[in-house]
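A.B. asks: 3D model of this:
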Amino acid sequence: MKAVVTEDVLARARSGDQAAFRIIVEGYSRDVFRLAFRITGNEEDAEDAVQETFLRAYRKLEGFEARANFGTWLYRVTANTSIDVLRRRKRTFDRTAPLDDEGPSMGIAATQEKTVYRRQVRERVESALSCLLSHSFPTTKAFLCWWKSPRPTPTPK
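C.D. replies: Numbering: from 1, shown residues only. Here you go, the predicted model:
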């Protein structure tokens, strides 16, 4: 992250000046969002990570040692926060996921929905592969043709 705040603004923010911290937020928010989005992979989680990053930065600003560049420190805070957001999302997802998809509680409608979803995913993947095959380099095209071709099932020994 490029340096967008002066040492004076940083010193004022470290002493508790909220207006100075607002300047920091405005100066770094775009870069923080970009990094958070690259790590989390979606806008909603990236926005959560940005808010939490600046909250953590505000709380820990007194502990920032000026030996390092502030942008580097904030980059690390953003990366750690984004990873924490992913971990929380995974835990939430794990708790809400059914333990056994094939269990007796799955009704006919759920099975049909799952079948439709799988078909839609397969159609999208095939469409993407076709697009890649029509616009890619010869080596990539050869690999994709090989990957798409049916493979024999291994026989048990």
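A.B. asks: let's see the pLDDT reported for residue 42.
C.D. replies: We note a pLDDT of 90 for residue 42 in this prediction.
A.B. asks: near it, how many other residues are there?
C.D. replies: 10 (other Cβ atoms under 10 Å). For every residue, glycine as well, the C-beta is placed using N, CA and C.
A.B. asks: and it, how far is that from residue 22?
C.D. replies: Distance, residue 42 to residue 22, using Cβ to Cβ, to the nearest Å: 27 Å.
A.B. asks: same deal with residue 111?
C.D. replies: In this view, residue 111 and residue 22 are 53 Å apart by Cβ to Cβ.
A.B. asks: cool, and residue 69?
C.D. replies: Residue 69 is 20 Å from residue 22, by Cβ to Cβ.
A.B. asks: next one: residue 49
C.D. replies: In terms of Cβ to Cβ, residue 49 sits 19 Å off from residue 22.
A.B. asks: comparing the two, which residue is more hemmed in?
C.D. replies: Taking other Cβ under 10 Å, residue 49 and residue 22 do not tie; residue 49 has more neighbours (26 against 13).
A.B. asks: nearest residue to that one other than its sequence neighbours?
C.D. replies: Nearest non-adjacent residue to residue 49, counting by Cβ to Cβ, 6 or more residues apart in numbering: residue 36, 3.8 Å away.
A.B. asks: helices along the protein, start to end?
C.D. replies: Along the chain, counting by DSSP state H, helices occupy 7-14, 18-40, 43-60, 70-96, 108-135, 138-148.
A.B. asks: what lies in contact with the first one?
C.D. replies: When you say that, I think you mean helix 7-14. 5, 19-21, 23-24, 61-62, 64, 66, 70 (Cβ atoms under 8 Å, 6 or more residues apart in numbering).
A.B. asks: just those residues now: which is nearest residue 79?
C.D. replies: Nearest to residue 79 among those, counting by Cβ to Cβ, is residue 70 at 15.0 Å.
A.B. asks: just the pLDDT at the closest one, thanks.
C.D. replies: At residue 70, pLDDT is 89.
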